[in-house]
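1. curious how this folds, go ahead:
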Amino acid sequence: VAMETVSLEQQIQSVQRHIAFLKREQTELLHDLHLEILRLQKHCSELTHDLEMKELEAQQQEALERELEQRCRAMEARLQERERDNAELRRELRHKEALVAALRGSLRGKERAFLEELKRRGHRAARLDARLQRQS
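-> All right, here's what the predicted structure looks like:
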(Lines give C-alpha, C1' and ligand atoms only; values in the text may rest on other atoms or scores of the structure.)
Protein backbone atom coordinates (compact mmCIF):
# COMPACT_ATOMS: atom_id res chain seq x y z
CA VAL A 1 0.00 0.00 0.00
CA ALA A 2 2.86 2.31 0.83
CA MET A 3 4.39 1.63 -2.51
CA GLU A 4 1.18 2.32 -4.24
CA THR A 5 0.85 5.54 -2.25
CA VAL A 6 4.36 6.63 -3.30
CA SER A 7 3.65 5.71 -6.92
CA LEU A 8 0.34 7.53 -6.74
CA GLU A 9 2.01 10.57 -5.19
CA GLN A 10 4.62 10.51 -7.96
CA GLN A 11 1.89 10.35 -10.57
CA ILE A 12 0.07 13.24 -8.87
CA GLN A 13 3.30 15.27 -8.80
CA SER A 14 3.95 14.40 -12.45
CA VAL A 15 0.42 15.47 -13.39
CA GLN A 16 0.82 18.69 -11.37
CA ARG A 17 4.12 19.40 -13.17
CA HIS A 18 2.41 18.79 -16.52
CA ILE A 19 -0.47 21.06 -15.48
CA ALA A 20 1.99 23.75 -14.38
CA PHE A 21 3.89 23.36 -17.68
CA LEU A 22 0.65 23.57 -19.67
CA LYS A 23 -0.41 26.64 -17.67
CA ARG A 24 2.92 28.35 -18.46
CA GLU A 25 2.62 27.38 -22.12
CA GLN A 26 -0.97 28.62 -22.17
CA THR A 27 0.03 31.90 -20.50
CA GLU A 28 2.87 32.40 -23.00
CA LEU A 29 0.57 31.50 -25.88
CA LEU A 30 -2.13 33.91 -24.64
CA HIS A 31 0.49 36.64 -24.22
CA ASP A 32 1.82 36.03 -27.76
CA LEU A 33 -1.74 35.95 -29.12
CA HIS A 34 -2.52 39.21 -27.33
CA LEU A 35 0.60 40.83 -28.86
CA GLU A 36 -0.37 39.49 -32.29
CA ILE A 37 -3.91 40.87 -31.88
CA LEU A 38 -2.48 44.29 -30.94
CA ARG A 39 -0.13 44.19 -33.94
CA LEU A 40 -2.99 43.21 -36.27
CA GLN A 41 -5.24 45.93 -34.81
CA LYS A 42 -2.52 48.51 -35.39
CA HIS A 43 -1.97 47.23 -38.92
CA CYS A 44 -5.74 47.29 -39.54
CA SER A 45 -5.91 50.89 -38.26
CA GLU A 46 -3.05 51.89 -40.55
CA LEU A 47 -4.72 50.21 -43.52
CA THR A 48 -8.04 51.86 -42.67
CA HIS A 49 -6.33 55.24 -42.46
CA ASP A 50 -4.56 54.63 -45.78
CA LEU A 51 -7.85 53.61 -47.36
CA GLU A 52 -9.62 56.69 -46.01
CA MET A 53 -6.82 58.90 -47.34
CA LYS A 54 -7.00 57.23 -50.75
CA GLU A 55 -10.79 57.65 -50.81
CA LEU A 56 -10.39 61.32 -49.85
CA GLU A 57 -7.77 61.80 -52.57
CA ALA A 58 -10.04 60.03 -55.07
CA GLN A 59 -12.96 62.28 -54.09
CA GLN A 60 -10.76 65.36 -54.39
CA GLN A 61 -9.49 64.13 -57.76
CA GLU A 62 -13.05 63.54 -58.95
CA ALA A 63 -14.10 67.00 -57.76
CA LEU A 64 -11.11 68.52 -59.54
CA GLU A 65 -11.90 66.58 -62.71
CA ARG A 66 -15.55 67.73 -62.57
CA GLU A 67 -14.43 71.32 -62.08
CA LEU A 68 -11.97 71.08 -64.97
CA GLU A 69 -14.63 69.48 -67.13
CA GLN A 70 -17.05 72.32 -66.33
CA ARG A 71 -14.36 74.89 -67.08
CA CYS A 72 -13.58 73.11 -70.33
CA ARG A 73 -17.26 73.14 -71.35
CA ALA A 74 -17.49 76.84 -70.47
CA MET A 75 -14.34 77.60 -72.48
CA GLU A 76 -15.67 75.59 -75.43
CA ALA A 77 -18.95 77.52 -75.25
CA ARG A 78 -17.04 80.81 -75.16
CA LEU A 79 -14.89 79.65 -78.07
CA GLN A 80 -17.97 78.78 -80.14
CA GLU A 81 -19.52 82.14 -79.26
CA ARG A 82 -16.36 83.95 -80.31
CA GLU A 83 -16.17 81.91 -83.50
CA ARG A 84 -19.75 82.96 -84.29
CA ASP A 85 -18.86 86.58 -83.49
CA ASN A 86 -15.75 86.32 -85.71
CA ALA A 87 -17.81 84.84 -88.54
CA GLU A 88 -20.29 87.71 -88.21
CA LEU A 89 -17.45 90.23 -88.15
CA ARG A 90 -15.94 88.62 -91.26
CA ARG A 91 -19.29 88.90 -93.06
CA GLU A 92 -19.52 92.56 -92.03
CA LEU A 93 -15.93 93.14 -93.13
CA ARG A 94 -16.57 91.56 -96.55
CA HIS A 95 -19.70 93.69 -96.91
CA LYS A 96 -17.84 96.86 -95.93
CA GLU A 97 -14.92 95.96 -98.21
CA ALA A 98 -17.44 95.61 -101.04
CA LEU A 99 -18.90 99.00 -100.13
CA VAL A 100 -15.42 100.53 -100.02
CA ALA A 101 -14.61 99.03 -103.41
CA ALA A 102 -17.88 100.38 -104.84
CA LEU A 103 -17.22 103.80 -103.29
CA ARG A 104 -13.68 103.83 -104.70
CA GLY A 105 -15.01 102.94 -108.14
CA SER A 106 -17.63 105.66 -107.84
CA LEU A 107 -15.03 108.13 -106.57
CA ARG A 108 -12.72 107.30 -109.47
CA GLY A 109 -15.59 107.84 -111.89
CA LYS A 110 -16.47 111.14 -110.26
CA GLU A 111 -12.79 112.12 -110.21
CA ARG A 112 -12.50 111.40 -113.94
CA ALA A 113 -15.68 113.32 -114.63
CA PHE A 114 -14.40 116.20 -112.48
CA LEU A 115 -11.04 116.19 -114.28
CA GLU A 116 -12.77 116.15 -117.67
CA GLU A 117 -15.03 118.98 -116.53
CA LEU A 118 -11.95 120.83 -115.26
CA LYS A 119 -10.23 120.36 -118.63
CA ARG A 120 -13.30 121.63 -120.49
CA ARG A 121 -13.53 124.63 -118.22
CA GLY A 122 -9.79 125.16 -118.56
CA HIS A 123 -10.13 125.13 -122.39
CA ARG A 124 -13.19 127.37 -122.20
CA ALA A 125 -11.37 129.75 -119.83
CA ALA A 126 -8.41 129.76 -122.22
CA ARG A 127 -10.71 130.54 -125.20
CA LEU A 128 -12.51 133.22 -123.24
CA ASP A 129 -9.16 134.65 -122.15
CA ALA A 130 -7.97 134.59 -125.76
CA ARG A 131 -11.16 136.36 -126.91
CA LEU A 132 -10.83 138.87 -124.15
CA GLN A 133 -7.26 139.64 -125.21
CA ARG A 134 -8.32 139.97 -128.83
CA GLN A 135 -11.09 142.31 -127.88
CA SER A 136 -8.76 144.41 -125.76
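
2. and Trp49, what element?
-> In this structure residue 49 is His, not Trp. helix 2-135 (DSSP states H and E).

3. how distant is that helix from the center of its chain?
-> Relative to the centre of its chain, helix 2-135 is centred 0 Å away, using Cα atoms, centre = their mean, to the nearest Å.

4. tell me which residue is most central in the chain.
-> Centroid check for the chain by Cα atoms, centre = their mean gives Leu68 as the closest residue, at 3.3 Å.

5. mind listing what that residue touches?
-> Taking Cβ atoms under 8 Å, 6 or more residues apart in numbering, we find Leu68 in contact with no residue. C-beta here means a position set from N, CA and C on the backbone, and glycine is covered the same way.

6. what pLDDT is listed against it?
-> On pLDDT, Leu68 comes in at 98.

7. gap between Arg24 and Ile12?
-> Distance from Arg24 to Ile12, counting by Cβ to Cβ, to the nearest Å: 19 Å.

8. Met53 too?
-> Note on Met53: its distance to Ile12, by Cβ to Cβ, is 61 Å.
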